[in-house]
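1. pasting a predicted model and its sequence here:
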Amino acid sequence: LLGLFVRHGLRAENPMLPMRLFRGRAFLGINAASLLMFLGMFGSIFLLSQFLQNGLGHSPTEAGLRMLPWTGMPILVAPLAGYLSDRFGGRPVVVTGLALQAVGLALFALIIEPGVSYPAQLPALIIGGVGMALYFAPAASLVLSSVRPGEQ
């Protein structure tokens with residue numbers, strides 16, 4: 001499907017996503033980082049949900065509630081991410097977000113085992129959630145700023 005989408009984008013008179021945008025280093029870089037971020041994040045959320053249900057015996061609702069420190073953190077941290085992005089620029093905030101998300105995932109890799117306690121999971125959940133929150137808004141802003149106004 002991706003190949004067909006790219007082929008259509010290269011040949012269409014008015015493509016939904018002009019492939020020429022990917023010639024820009026900034027556009028390509030932030031989109032590649034987003035792809036990796038979302039693959040890791042959503043894959044991990046899915047696997048953690050399965051572990052909490054099948055490995056630790058929690059119901060789907062309990063598993064979802066236990067993941068809230070990770071998935072709900074953007075609600076709390078998003079205003080700070082916007083402020084930091086305005087103050088220091090989007091790139092350092094995005095890099096910090098990616099680094100924190102990586103630290104959170106690494107902590108999960110170190111602690112996840114049958115019978116792991118919820119308090120032992122909390123640091124990974126919180127650090128990963130802060131990283132996710134610091135990534136979202138500045139990344140979207142960087143994508144938009146990497147193309148000319150007429151192409152947005």
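-> Perfect, I can see it now.
2. pLDDT weak spots in the protein?
-> Applying pLDDT under 70 to the chain flags the ranges 152.
3. which parts of it are helices?
-> Using DSSP state H, the helices of the chain run over 2-11, 25-50, 60-66, 68-71, 73-88, 90-111, 118-145.
4. against residue 103, how distant is residue 7?
-> 39 Å (C-beta to C-beta, to the nearest Å). Quick note: C-beta positions are derived from backbone N, CA and C, even for glycine.
5. kindly reformat the helices of the chain as TSV containing distance to residue 19 and mean neighbour count.
-> Below are these laid out as TSV (distance: least, C-beta to C-beta, whole Å; neighbours: other C-beta atoms under 10 Å):
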stretch	distance to residue 19	mean neighbour count
helix 2-11	4	11
helix 25-50	11	15
helix 60-66	38	14
helix 68-71	33	18
helix 73-88	28	15
helix 90-111	24	18
helix 118-145	15	20
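6. mind putting these into CSV with distance to residue 17?
-> CSV is the format used below for these (distance: least, C-beta to C-beta, whole Å):
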stretch, distance to residue 17
helix 2-11, 6
helix 25-50, 10
helix 60-66, 33
helix 68-71, 28
helix 73-88, 24
helix 90-111, 21
helix 118-145, 11
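7. out of the ones you listed, the one nearest residue 18 is which?
-> Nearest to residue 18 among those is helix 2-11; the distance by C-beta to C-beta comes to 6.6 Å.
8. give me the contacts around the closest one.
-> 15, 16, 17, 18, 19 (C-beta atoms under 8 Å, 6 or more residues apart in numbering).
9. and which of those is nearest residue 79?
-> Checking these against residue 79 by C-beta to C-beta gives residue 17 as the nearest, at 30.1 Å.
10. now the closest one: closest residue in space, sequence neighbours ignored.
-> residue 9 (5.6 Å; C-beta to C-beta, 6 or more residues apart in numbering).
11. if I look at that neighbour, how far off is residue 38?
-> For residue 9, the distance to residue 38 equals 20 Å [C-beta to C-beta].
12. next one: residue 111
-> Distance of residue 111 to residue 38, given as C-beta to C-beta: 23 Å.
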